[in-house]
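>>> could you work out the structure for the sequence below:
(one chain, ligands or ions: 2)
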Amino acid sequence: MNMKKILLISAVAAPAIFAATAYQNQVGFMTNGLKQIAVIDAAGKDVVFKDKDGQAALTVTAPEASMWQPANEKASLVDFSELKTPGTYQAYVGDEAVGHPIIIADNALESVTKGSIKFFYFQRSSTALEEEYAGKYARAMGHPDTAVMYHASTGKEDLTATFNGAKGWYDAGDYGKYIVNSGISTYTLLQLYQQNKAYFDTLNLNIPESKNNVPDLLDEIRWNIEWMLTMQDDDGGVFHKLTTKKFAGMVLPEKANKQRYAIGKSITATWDFIGVTALAADIYKPFDAEFAEKCAKAAGKARWWGVNNPYAYFSQPSDVGTGSYTDGNAVDEKLWGNAELYRITGNKEILEDMHKYKLYKNRQKLQGWQTVYALAAFTIATNPKIFEEEDIDSAKALIFTLADSYIDQVNNGYGLAINNDDFYWGSNSVVANKGMVLIHAYILTKEKKYLDAAQGILDYLLGRNPLDLSYLTGWGVNQVMNPHHRPSEGDTVVAPVPGMLVGGPNSSADDCAKEFIDADAPAKSYYDNSCSYATNEVAINWNAPFAYLVGSLQAITATGKVYEVGSDTPQAYDIDRIPLAKTNFKKQAEGSRLVFKNGVVQVEKTLRDGSIRYFNLRGRNLK
Ligand code: 9MR
Ligand code: 9MR
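Residues are numbered from 1 along each chain as shown. Ligands and ions are numbered 1, 2, ... in the order given. Here you go, the predicted model:
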């Protein structure tokens, strides 16, 4: 921890009084992509873009300023997309330089793409990071996880036994490994690969596996899938998480060596596991048929447990304090898991099961670790030859309902499809996930407005924001320097591990960032200090949609080519020998009861599908 880093940042960010100010992507613009900059106090004035020799290359008159509510500030959105000669430029208003150097290049987003994926290598558990791959962030092995114990909540009989739960990525700033969060993160990266194969087949990440014949992105993802596979119990069910009982101090992995446990076994973890392993069985087959077969088998076996234990929701044991990832509704996980499994088996019974979980209007929700309807929608909408028309229609309805609502938000001074409601814990991933929805809308229609809105979100994360900050460590003129990340805190290197997207502004942060909450400007409610896990932690489920967004924009914009919907013929697996939906479980009756929760009396309603909702006494939905 080095306080000097914090002072440095705030000194740089202070804008001069009265002069125009500009906020922009600080990393780079694609030669053929959308290029915009938000300029304050410049309406009606000429913004001149000068090349490195000081020659004016383009002049744009700043349009009327308009409000962007999350910044509580008016700005003129200046579009300089016409500038298509690679190089470095600077914007001027009158004699004054505004913003930062503007870099235009064909591969402007390639280093960020690599960096945001390389993050996952830096998060590897159970291995030393060698200097050859990690540079000055090399570190000793931590968490071998070869002798993990079973917590009583796993239901295991012999609590003295241990198992090998090695590999996997650390979830975030902490050293836990959580199946639920691994689910969405791993899927998102697998989709990045699947939809941009030509690009990622040759992209070198400089990781230990770089010399084998498998694309580096897939090698990196496999590190986590191999861990996920260790979390499956003999009966097919999947343990919820692998952590210590309490969070470790802010030390390097090698120094955090308290006993680790498999904790809980849950329905959400199990269905998320199915989603990932089924998709992996398809994607890895051409590279390693044996591994792929193992994934498919694991998915089928997990389904058997999932079908038989529909109400096994995770609840945090009283002696455990690590992340809980609790979720009392598994409808979305079941929908997604079944969709992936049907895609690789064509098994009608699985399709029938999938049809029990429809994408009703109230299920058209942005994806997040707790809410994965959209993952099912992405898979279904991009596999029109596999799924039935009704499924495809409802998947597209989800994607376009969301994407079009984002397009409706984009018309503001900052040009961002981001609004006040987005600023909760992990807001940077909220907006990156919106970007993933927009990219899907683009893949499905080739309508430029969707790609442009996605580009705007990337620009926001890389500096087009009222804090003039790049939220990705290691990139940008003003970079985040003090993330809540144990390896970065525990080492002696001043700069944090590169390629990490921090959680971002959070208008309900309840930690040391509290005093920075700006009720009128949620986009400013942020504190670049490692004490703030609620605004400044990093996490695999935040980096994954960022990598998806930037990797897709690089691949699509550079080539003008986009994933061809329906072009995939998934590998076929037979999971016939696994007994399917015949279970002894009776359909659960709906029921309500009063419970004491979060300090008040609430009505807990159990729906027929086993999902649980909470209402206050006036009947208002609480979640
Ligand atoms: O480091 C922990 C982080 O990963 C979690 O997101 C956060 C909220 O659960 O908690 C962090 O750990 C803190 C703990 O909750 C309270 N004591 C200080 C810990 C480190 O800041
Ligand atoms: O991302 C999670 C966020 O949605 C929750 O509001 C928050 C508090 O429960 O926890 C976040 O997840 C943390 C996890 O519990 C432990 N590892 C760090 C994760 C990121 O902060």
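>>> how far does stretch 484-504 sit from its chain's centre?
Centroid separation between stretch 484-504 and its chain, computed with Cα atoms, centre = their mean, to the nearest Å, is 18 Å.
>>> what is the mean pLDDT for that stretch?
Mean pLDDT, stretch 484-504: 98.
>>> in that stretch, what's buried?
Using 16 or more other Cβ atoms under 10 Å as the test for burial, stretch 484-504 gives 484-491, 496-504. C-beta coordinates here come from the backbone N, C-alpha and C atoms, glycine included.
>>> which of the residues you listed fall in strands?
Nothing among these maps onto strands, per DSSP state E.
>>> residues near the closest residue to ligand 2 within the stretch 351-500 of the chain, how many?
As assessed by Cβ to the nearest ligand atom, ligand 2 sits closest to residue 425 within the stretch 351-500 of the chain, at 3.9 Å. The tally of other residues near residue 425 (other Cβ atoms under 10 Å) stands at 17.
>>> returning to what we had before: filter the buried residues of stretch 484-504 by proximity to ligand 1?
When contact is defined as Cβ under 6 Å from any ligand atom, these do not meet ligand 1 at all.
>>> narrow those residues to those in helices?
486, 487, 488, 489, 490 (DSSP state H).
>>> where does the chain have low pLDDT?
Applying pLDDT under 70 to the chain flags the ranges 1-19, 576-591, 607-611, 623.
>>> can you give me the helices for the stretch 251-400 of the chain?
267-284, 289-308, 331-345, 348-354, 373-381, 389-409 (DSSP state H, counting those that start in this stretch).
>>> now render the ones you listed as TSV, adding mean neighbour count and distance to residue 474.
TSV is the format used below for the helices of the stretch 251-400 of the chain (neighbours: other Cβ atoms under 10 Å; distance: least, Cβ to Cβ, whole Å):
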stretch	mean neighbour count	distance to residue 474
helix 267-284	29	28
helix 289-308	21	32
helix 331-345	27	33
helix 348-354	18	41
helix 373-381	27	29
helix 389-409	18	28
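>>> so for ligand 1, which of those helices sits nearest?
helix 267-284 (18.4 Å).
>>> can I get the helices of the stretch 251-400 of the chain in CSV with distance to residue 475?
Listed next are those as CSV, based on distance: least, Cβ to Cβ, whole Å:
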stretch, distance to residue 475
helix 267-284, 28
helix 289-308, 33
helix 331-345, 32
helix 348-354, 40
helix 373-381, 27
helix 389-409, 24
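>>> those into TSV, with extra columns for distance to ligand 2?
Listed next are the helices of the stretch 251-400 of the chain as TSV, based on distance: least, Cβ to the nearest ligand atom, whole Å:
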stretch	distance to ligand 2
helix 267-284	14
helix 289-308	23
helix 331-345	15
helix 348-354	26
helix 373-381	16
helix 389-409	19
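>>> of all the ones you listed, which one is nearest residue 363?
Closest approach to residue 363 among the helices of the stretch 251-400 of the chain (Cβ to Cβ): helix 373-381, 4.9 Å.
>>> elements contacting that closest one?
If contacts are counted by 3 or more Cβ pairs under 8 Å, 6 or more residues apart in numbering; DSSP states H and E, helix 373-381 sits against helix 179-195, helix 331-345, helix 389-409, helix 427-445.
>>> report the angle between the shortest one and helix 373-381.
In other words, helix 331-345. Counting by axes from the mean of the first three to the mean of the last three Cα atoms, to 10 degrees, helix 331-345 lies at 20 degrees to helix 373-381.
>>> kindly report the same for the first one.
Taking the same axes, to 10 degrees, one finds helix 179-195 and helix 373-381 inclined to each other by 30 degrees.
>>> sec struct for whichever residue of the stretch 101-250 of the chain sits closest to ligand 1, please.
Per Cβ to the nearest ligand atom, residue 174 is where the stretch 101-250 of the chain lies closest to ligand 1, at 3.5 Å. What DSSP: H, G, I helix; E, B strand; the rest coil gives for residue 174 is coil.
>>> wait, what's in contact with it?
Contacts for residue 174 were tallied using Cβ atoms under 8 Å, 6 or more residues apart in numbering; they are 243, 247, 248, 322, 323, 486.
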